[in-house]
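K.L.:
For reference, the sequence and a predicted model appear below.
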2 protein chains.
Amino acid sequence: MTATPDARTATATPTSIPRAGRTPSAASPESAPRAGARVDVTALGRLLDGRWGDQRRRARDLALDPDLQHVEDLSRTEHRERVLRQLHLLVERGDVLRGFPAELGGAGDPGGNLAGFEELFLLDPSLQIKVGVQWGLFGSAVLQLGTAEHHQRLLPGIMQLDVPGCFAMTEIGHGSDVASIGTTATYDPATEEFVVHTPVTAARKEYIGNAAAHGRAAVVFAQLVTQGVNHGVHALYVPIREEAEDGTWRLCAGVGSADDGAKGGLNGVDNGRLWFDQVRVPRENLLNRYGDVAADGTYHSPIESPGRRFFTMLATLVQGRVSLAGAAVNASKVALAVAVRYGVQRRQFTGAGDEGEVTLLDYQQHQRRLFPLLARTYAATFAHEELLERFDDIFSGAHDDDDSRQDLETLAAAMKPASTWLALEALQEAREACGGAGYMAENRLVGLRADFDVYATFEGDNTVLLQLVGKRLLTDYGQGMAKIDIAGAARYVASRAADMTLHRTPLRRAAQSVRDSGSMARSAGHLRSTAAQRELLEDRVETMVAEIAGALRAVRNASPAEAAAEFNAHQHELIEAAAAHADLLQWEAFTAALARVRDEGTREVLTTLRDLYALTTIERNLAWYLVNGRISAQRARAVTSYVNRLLPRLRPHAVALVDAFGYRPEHLRVPIAGDGETQRQEEARAHVRRRRASGEEPVSAKVLHANARRAGGAVTTG
Amino acid sequence: MTATPDARTATATPTSIPRAGRTPSAASPESAPRAGARVDVTALGRLLDGRWGDQRRRARDLALDPDLQHVEDLSRTEHRERVLRQLHLLVERGDVLRGFPAELGGAGDPGGNLAGFEELFLLDPSLQIKVGVQWGLFGSAVLQLGTAEHHQRLLPGIMQLDVPGCFAMTEIGHGSDVASIGTTATYDPATEEFVVHTPVTAARKEYIGNAAAHGRAAVVFAQLVTQGVNHGVHALYVPIREEAEDGTWRLCAGVGSADDGAKGGLNGVDNGRLWFDQVRVPRENLLNRYGDVAADGTYHSPIESPGRRFFTMLATLVQGRVSLAGAAVNASKVALAVAVRYGVQRRQFTGAGDEGEVTLLDYQQHQRRLFPLLARTYAATFAHEELLERFDDIFSGAHDDDDSRQDLETLAAAMKPASTWLALEALQEAREACGGAGYMAENRLVGLRADFDVYATFEGDNTVLLQLVGKRLLTDYGQGMAKIDIAGAARYVASRAADMTLHRTPLRRAAQSVRDSGSMARSAGHLRSTAAQRELLEDRVETMVAEIAGALRAVRNASPAEAAAEFNAHQHELIEAAAAHADLLQWEAFTAALARVRDEGTREVLTTLRDLYALTTIERNLAWYLVNGRISAQRARAVTSYVNRLLPRLRPHAVALVDAFGYRPEHLRVPIAGDGETQRQEEARAHVRRRRASGEEPVSAKVLHANARRAGGAVTTG
């Protein structure tokens, strides 16, 4: 399928006729797609779907099954039961188990598993999250933190959903700071059991999926205590509900639970609290891959350092973060697919001259609202594919080592905030861009937004994750410093000093102004070069990190309290630097993807979109570039005017660009993304034509009034 | 009540002790409140509540009545019925009718009426909107567009809720562009009736409150046709449901209705569609204040120009826009009250040195997220009070003229987007700042956000409103140009030209750099002066408008299509200019309010907050100031570092600043705004103390490991 520019209006648009005989070298110097460029929607779709495209497309097609779709107007209880039934259906279909090892009945395909999972929100985000809880968290914890005996004994029931379960990590008192949780698992050598206990209210497990109703067991994270020593957080398998004689499932003795009730979204998931009053489980229920207790109570671990052990254990659970980021990217695609398809139909306010009303997407502001988000969604898609490749590399065992796991952890920590906030922004902008129609539940934008809201704070609070990325950037920077030899360090310091001097005087800017003194077009031309974009985006991250490192180095020998205060005084900057790092990663992934596009027209359009990504990212941080002398005032003016020039160039390709996401109308089930608006307009136009032809159409008093005024008639007021 | 800085920690904070003998002139040169400054919460609350404080407080106290509160987990039908019953209760209480004339049983108090209305979201936003539909839109339309006969005949039933009704303006095909609606009301002199008709699907009334279930009549906006002439949009009173013999209410013959079903929020309002198949109403049902049809079909209007008539009619309905803006400001207050009260209790991650965990609101990033929103909420509150004063001036009849009405219209069009987007931002930031707890429905942030979402697009789409403001700014600018004499014009052009030259060279910046070459503190000191802030905020609006005007003047003689294209090419800038105008208005209102603060400590704290408003507004647009040579690079650096210095200075007053909003815990009914978190922490600390005292607390393996490493022990890994 090759889409002409905006299929709906192609016949009326002369630019939709492809011109032959143009070569890439003849392309406009301002990165516009040629007038006749077309997007090859099928090929672009394949590029976007990436390595696990088959899994993605198969998962999307699940949304065609009415039994797997979300239905409105269920009570919370009905919604929860429906989602549980849907999980059983998914077990029958099989794909949700791809991530488990082949020997256990999975497919040993961690990447493909996540790729498919990332589409499930299309059915219902509650379904997606319940799948994530069951197999991505509960099952994964048993797989990753347990050993062969656990796999044999526990995974079959988990995989087949005979044992719906909980991932009981978060507590009321400790969300982000998992190391400080208060639940204890104290070993009793007399009975060879662990005693799982909730000592205080703050240590109750909170927001736990499957806890309120369906969970029969839980992986409980607790401080492991044996022989009077607390070995830190470990995970144990704890049954929480048992079947009574009447066939109902009741809480086990000592286990408490409360329903979290209504939430902002995801109400098909039965979140709740869990607490334990001296609940005993056999020693074998400790998931003991990274730490074990012998019958006599002796503790053993393959990782000596308690800190490293803790982070290693948590790192095995990174797939939640990775896959939610991917789901969020896909939610952005859906938001933009809806808003663009509606925006190319909907008309409002009469334009110049003729009687036709202007299509929403022809308004500059409408393009400004949607196209930069479209560019970010493309960038996030390509960046996510790279993240998923790395994840698969490690968890398939192809390239698994400590450094790779740490890199993956950092990459996921950078991508998850970028993608989840993008989704919220795209869903909200799309909802507002669709006006009142956007607020109707049937058009799905509000429901998706409500469900995805929590993606910003669960599986790692976005702000906490960005701080983690920032700290890693600082560490890497510090190591870079440490490795420089003395002469190198001196050079480095000298160059930094010179740099700082330049920032403090207008000299560097003055110099650039001279260079830029040519036309606006030349400034803009510079900004569309890949090398210039890379330099600007890289430079910002590096400089911000270097400045923070410099400030922190100055208090290296201060008291811990002073050092902490100085760190806190730079927290906002550090988080900004981490976000800038994520921007850079996305830009790099987008740029790398351009090289993989064979079709010339598609590449031209995508290059324009990539430029829009770069320029709007630079525009958002323009003050930084100006203050730090990286961009002259004149070039800065070119940024905004160039962004405004790119928008109408992308306009003819907007529909093709969202079609390539692969969400067909039957996947979306969104009325305003269909052609109802176009049909109503045609009906209205036909009505006026008929009335005019029959002479029934009344004369407009406005026209009469204007004519009278022109004729100098007896118009006294107005 | 005088709040010490952060009441919860006051005893531990030496800065909470007020120092005597300091005079305002001795205040820090950097606008910090003195170390011992206190906020007089009661007095500040009265200032915030403004002229109609009694009505506001009375309306807030309605939320103490369980019958008027929102309850979770109702079906949509139950929710709608509950809200309808609540409306009847409000009629008994009486305040919702304050806006109607005293002779009809109201209080002739339009300002007080809106002030009370603006608090009703606290009960349930669905209740607020249903009140708005019934009395603010349906009733108001009869009052404002009808005449004495209509008032006598129709208003008693509307006021007493015997006739729940609809405001049937918006159509599927035309939301923002009301002038283009398709419903017709054609006069038939034979029967002296109007025939109300929906000619095409696009002309069906859509998103109409009370249409799906409760409405018994509607004010229907339609193109008025008589004697073959269309006189434009007029309003008619049309019964839509009648009581059947069995006591149920059924649609009248010829009236169609459909339920809009589930929405993103406000599900206690029965929105729906309405359409008419040749429905006849008596001639007297035309609301004829601005246009009437005589028995023979002759049309009369006190306003000759159809365009002016249309805008005059619409302008009478401005109160919806005004009051939703006010409600949105109050929703921001609630969001921040919740997030701040939780933020001063909740702790996460251990700080430097001691074992205590750090309070969320002591993190710089947490302050960065919440305090600028707090400053904007204060600014919006004061700006809204001015808007409400103007509204009351006109609608009470005190100062009612065409110019005042136009100014009010523009002011409301600027404030409504600013306030409603602020509310969405504040609610979302608060929700994320409260983590998982913020996502629980019981903590209300998610529900309020879902309900307020539509405030951004109904009663005037925010983007369309800002464009309206932008056009008014352009018109005023053009009139200013027209009034300048020739010599003046020459001077103007010369100064503009010089200005432009400065923009294109670094000279002006260089000059400012020299001026700024002193310390960072001097730059910051400059930015805290009221005059400097005013100049920067005013200058931006004026310069942006002038630039757009210049570009449009250049195409004055172009074809309509070219002129429209040029206008569209500046649409984004124009909307930015309008938003900058709103920023300025808010800053001015905040600044004016400072002069009304008698208490010195309160004034110091509020001045700091006002400075934060100004500086974060400037920071958000810093690139513009740099590119246009208004701020040097050095001063620009001072902006961000000064913002970061203001945050900790406001920290001790954060609780007082939200307490002054007047939303007590029993108004909010939000668990996390209570002291549960503090109690849980105390319980946990007491538990650890007890265990330590009894020797039961296990030793930390982490500590043992660290000690072993320090002792050079046999640690082999990590």
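P.N.:
Looks like it arrived, so ask away.
K.L.:
how about the residues of the stretch 201-350 of chain A near chain B?
P.N.:
A:201-203, A:206-207, A:225, A:228-232, A:260-265, A:299, A:303-308, A:348-350 (C-beta under 8 Å from any C-beta of the partner chain). Glycine gets a C-beta too; all of them are placed from N, C-alpha and C.
K.L.:
quick one: which of those residues sit in helices?
P.N.:
A:306, A:307, A:308 (DSSP state H).
K.L.:
quick one: is whatever helix or strand residue A:432 lives in near chain B?
P.N.:
For residue A:432, the host element (DSSP states H and E) is helix A:402-433. Yes - using C-beta under 8 Å from any C-beta, helix A:402-433 reaches chain B at A:424, A:428, A:431, A:432.
K.L.:
which ones are touching the closest residue to the second one other than its chain neighbours?
P.N.:
Among residues not flanking residue A:428 along the chain, residue A:449 sits closest, at 6.1 Å (C-beta to C-beta, 6 or more residues apart in numbering or on different chains). Contact criterion C-beta atoms under 8 Å, 6 or more residues apart in numbering or on different chains gives A:265, A:424, A:427, A:428, A:431, B:264 as the residues in contact with residue A:449.
K.L.:
before we move on, what about residue A:315?
P.N.:
A:405, A:406, A:408, A:409.
K.L.:
State the pair within those residues that is farthest apart.
P.N.:
A:406 and A:408 (7.2 Å; C-beta to C-beta).
K.L.:
These two: which has the busier surroundings?
P.N.:
residue A:408 (22 against 14; other C-beta atoms under 10 Å in any protein chain shown).
K.L.:
Does the more buried one touch residue A:318 like I think?
P.N.:
Yes - between residue A:408 and residue A:318 there is a contact at 6.1 Å, judged by C-beta atoms under 8 Å.
K.L.:
Quick check: neighbours shared by those two?
P.N.:
residue A:391.
K.L.:
PyMOL command to pick out the buried ones of the ones in helices among the residues of the stretch 201-350 of chain A next to chain B?
P.N.:
Provided next is the PyMOL selection string for whichever of those are buried by 16 or more other C-beta atoms under 10 Å in any protein chain shown:
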select buried, chain A and resi 306+308
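K.L.:
of all the ones in helices among the residues of the stretch 201-350 of chain A next to chain B, which comes closest to residue B:377?
P.N.:
residue A:307 (41.9 Å).
K.L.:
what's the nearest residue to whichever residue of the stretch 301-450 of chain A sits closest to chain B if we skip its chain neighbours?
P.N.:
For the stretch 301-450 of chain A and chain B, the shortest gap (C-beta to the nearest C-beta) falls at residue A:446, measuring 2.9 Å. Using C-beta to C-beta, 6+ apart and skipping the chain neighbours, the partner closest in space to residue A:446 is residue B:264 (2.9 Å).
K.L.:
So the spatially most central residue of chain A versus residue A:582, what's the distance?
P.N.:
Of all residues in chain A, the one closest to the mean position by C-alpha atoms, centre = their mean is residue A:419, 2.2 Å from it. As judged by C-beta to C-beta, to the nearest Å, residue A:419 and residue A:582 stand 9 Å apart.
K.L.:
what do these two both touch?
P.N.:
With C-beta under 8 Å, 6+ apart, residue A:419 and residue A:582 have no common neighbours.
K.L.:
Any stretches of chain A with poor pLDDT?
P.N.:
For chain A, applying pLDDT under 70 flags the ranges A:1-32, A:353-355, A:481-524, A:713-718.
K.L.:
How is it divided into domains?
P.N.:
Under automatic domain parsing, the residue ranges defining each domain of chain A are A:7-14+A:320-659, A:67-317, A:675-710.
K.L.:
okay if I get these as TSV plus distance to residue B:415?
P.N.:
As requested, the domains of chain A are exported to TSV (distance: least, C-beta to C-beta, whole Å):
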stretch	distance to residue B:415
domain A:7-14+A:320-659	18
domain A:67-317	28
domain A:675-710	30
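K.L.:
give me phi/psi at the residue in the stretch 201-350 of chain A positioned nearest to chain B?
P.N.:
When scored by C-beta to the nearest C-beta, the stretch 201-350 of chain A has residue A:264 as its residue closest to chain B, at 2.9 Å. Dihedral angles of residue A:264 (phi, psi; degrees, to the nearest 10) stand at phi -60, psi -20.
K.L.:
how about it, what does it touch?
P.N.:
So residue A:264 contacts A:450, A:453, A:454, B:431, B:439, B:440, B:441, B:445, B:446, B:447, B:449, B:450 (C-beta under 8 Å, 6+ apart).
K.L.:
and the fifth one, how many residues sit next to it?
P.N.:
Residue B:439 has 25 neighbours, counted by other C-beta under 10 Å.
K.L.:
Go ahead and confirm it touches residue A:263.
P.N.:
Yes - using C-beta under 8 Å, residue B:439 is in contact with residue A:263, at 5.5 Å.
K.L.:
which neighbours do these two share?
P.N.:
A:454, B:446.
K.L.:
Quick check: which element contains residue A:436?
P.N.:
helix A:435-439.
K.L.:
check whether that helix contacts chain B.
P.N.:
Yes - judged by C-beta under 8 Å from any C-beta, helix A:435-439 comes into contact with chain B at A:435, A:436, A:438, A:439.
K.L.:
Now the second one: closest residue in space that isn't a chain neighbour?
P.N.:
It refers to residue A:436. According to C-beta to C-beta, 6+ apart, the nearest residue to residue A:436 is residue B:207 (4.6 Å).
K.L.:
Just to check, the one you found is in contact with residue B:170?
P.N.:
Yes - Residue B:207 is in contact with residue B:170 according to C-beta under 8 Å; the separation is 5.7 Å.
K.L.:
more crowded one of these two?
P.N.:
residue B:207 (24 against 20).
K.L.:
for the more buried one, what are its contacts?
P.N.:
A:436, A:439, B:170, B:260, B:271, B:458.
K.L.:
ok, for the closest residue to chain B within the stretch 1-150 of chain A, nearest residue in space, not its chain neighbours?
P.N.:
Closest to chain B within the stretch 1-150 of chain A is residue A:72: 4.9 Å, counting by C-beta to the nearest C-beta. Closest residue to residue A:72 in three dimensions, ignoring its sequence neighbours and counting by C-beta to C-beta, 6+ apart: residue B:262, at 4.9 Å.
K.L.:
now the one you found: how far from residue B:251?
P.N.:
22 Å.
K.L.:
Tell me the residues of the stretch 51-200 of chain A that contact chain B?
P.N.:
Close to chain B, as judged by C-beta under 8 Å from any C-beta, the stretch 51-200 of chain A has residues A:72-73, A:75-76, A:170, A:172-177, A:180, A:182, A:199-200.
K.L.:
Out of these, which end up buried?
P.N.:
A:76, A:170, A:172, A:173, A:174, A:175, A:176, A:180, A:182, A:199, A:200.
K.L.:
Is the last one in contact with residue B:685, as I believe?
P.N.:
What it means is residue A:200. No - look at residue A:200 against residue B:685 with C-beta under 8 Å: they stay out of range, at 9.2 Å.
K.L.:
sorry, back to before: which one of the contacts of residue A:449 has the most neighbours?
P.N.:
residue A:427 (30 neighbours).
K.L.:
Overlap of the contact sets of residue B:207 and residue B:170?
P.N.:
residue A:436.
K.L.:
Which helix or strand contains residue A:663?
P.N.:
Here residue A:663 is assigned to no helix or strand, by DSSP H and E.
K.L.:
Which parts of the stretch 451-600 of chain A are helices?
P.N.:
A:462-483, A:486-504, A:507-515, A:520-527, A:530-553, A:560-569, A:571-594, A:600-620 (DSSP state H, counting those that start in this stretch).
K.L.:
Just send those back as CSV, with distance to chain B and mean neighbour count too.
P.N.:
Formatted as CSV, the helices of the stretch 451-600 of chain A follow (distance: least, C-beta to the nearest C-beta, whole Å; neighbours: other C-beta atoms under 10 Å in any protein chain shown):
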stretch, distance to chain B, mean neighbour count
helix A:462-483, 6, 18
helix A:486-504, 7, 12
helix A:507-515, 5, 17
helix A:520-527, 11, 18
helix A:530-553, 11, 17
helix A:560-569, 3, 16
helix A:571-594, 4, 22
helix A:600-620, 8, 23
